[in-house]
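Asks: fold the following, please.
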Amino acid sequence: MLKVKDIIGKPVVASDSGERIETVIAPIFDRAENCLLGFLVDQAGWFSNPKVLPLYLVQTIEADAVIIPWKESIAPASDYATIHDVLEQNNSLNSDQMLTNEDLDLYFDENTGDIENSEATALHL
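Replies: You can find the predicted model right below:
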């Protein structure tokens, strides 16, 4: 199990080139499914989508970096329907959807994205 806040700020590195691509800005949660979908790595500008890294494309999360297979693992959120929908909900400023400090203390399974609290019991968001 990994702690969400330990991932924020880590560089994202492509294993095929060794290139540092982006930095993890924030986790992307699906509260309905109680799981981590991936990571926001570049916020949207006026005329662009935010760039995201889906969790299923992460090869490994190491102490000093998040490793992905290739640079193209990072794409606009609109390329991933579920992530795009979650980000759209968050942009509505619905207080139930906003990220809280407690969210950053959660643990997740890096293979499945399942969220658990510090007592390792299922969290109901």
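
Asks: what residue ranges in the chain score low on pLDDT?
Replies: 45-48, 90-104, 117-125 (pLDDT under 70).

Asks: hey, what's the residue most central in space within it bridged with?
Replies: Nearest residue to the geometric centre of the chain (Cα atoms, centre = their mean): residue 39, 2.0 Å. Per DSSP bridges, the residues bridged to residue 39 are residue 27, residue 53.

Asks: now do the strands in the protein.
Replies: For the chain, the strands defined by DSSP state E occupy 2-3, 11-14, 20-23, 26-30, 35-42, 51-54, 60-61, 66-68, 75-76, 107-108, 115-116.

Asks: nearest to residue 89, of those?
Replies: strand 26-30 (9.6 Å; Cβ to Cβ). Where C-beta positions appear, they are placed from N, C-alpha and C, glycine not excepted.

Asks: quick one, the longest helix anywhere in the chain and strand 26-30 angle?
Replies: Using DSSP state H, we find that the single longest helix of the chain is helix 81-91. Here the directions of helix 81-91 and strand 26-30 differ by 100 degrees (axes from the mean of the first three to the mean of the last three Cα atoms, to 10 degrees).

Asks: adjust the sequence numbering to begin at 9 for everything that follows.
Replies: Shifting the count to begin at 9 puts that one at helix 89-99.
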